[in-house]
Every structure is written in structure tokens, then in C-alpha cells.
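Sequence and predicted model, in that order:
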Amino acid sequence: MPEINAFGASIMPIDWNRCPAVLIRPGYLSGAPALRDDPRVSPETIVDNMDAGETAEQVIENFGLRTSLQDVLAVYDYAQQQRVASPV
């Protein structure tokens, strides 16, 4: 069943296993997907904030991320590709 994001949009869960900027580690975020260089930040945080209109640079600054601009953009691009592959 689709999830509803913070903006009321229906979304399908994204399989982050093939995104190189995301890892799943026991002990961080209860084993949920997290950014490779910021293991306490979920990739959904990036996606939700960029969907809301923030730039990748703003997300990095607002969350104090160590993740590179390239990886933040890769996370967002990966999510966009997954949405196209699995439209709601």
C-alpha cells in the first residue's frame, strides 16, 4: 500500500539497496536506509525536503550534512528514477 508523505502525496516505498550513497546498517535509524556519510539521516529526508522546494545545497546546510553535494543529488535522482519505474 502506498505511503503518504508530509505533503499529502501518495508515494510507493523506494528500494534504496542499489543507491551507492545509501547504506543499511544495524544500529542506525533502527536498521532503516541512511545516508552513507551521515548514518543518522534517512534518504527520505533529502527527498522530502527537495520535493518541498529546497535545493541540495540548502538541504546540506540546513541539516549540517557531511554528505557531498554529488551524493545528495544522487539520492534525489535515484528516488526520481524509482518513482518513474513505479508510478503511483
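Cool, got the structure.

Look up the pLDDT of the nearest residue to Ala56 once chain neighbours are set aside for me, please.
Closest residue to Ala56 apart from its sequence neighbours, by Cβ to Cβ, 6 or more residues apart in numbering: Val72 at 4.4 Å. In short, each C-beta sits where N, CA and C put it, glycine included. With respect to pLDDT, Val72 scores 98.

residues near Val72, how many?
Here the number of neighbours of Val72 (other Cβ atoms under 10 Å) works out to 25.

Same question for Glu44.
What Glu44 shows, counting by other Cβ under 10 Å, is a neighbour count of 20.

Check the gap between it and Pro33 for me.
Distance, Glu44 to Pro33, using Cβ to Cβ, to the nearest Å: 8 Å.

picking that back up, for the residue nearest to Ala56, phi and psi?
Phi and psi for Val72, reported as degrees, to the nearest 10, are phi -60, psi -40.

Make sure it is actually in contact with Ile60.
Yes - look at Val72 against Ile60 with Cβ atoms under 8 Å: they come within range, at 6.0 Å.
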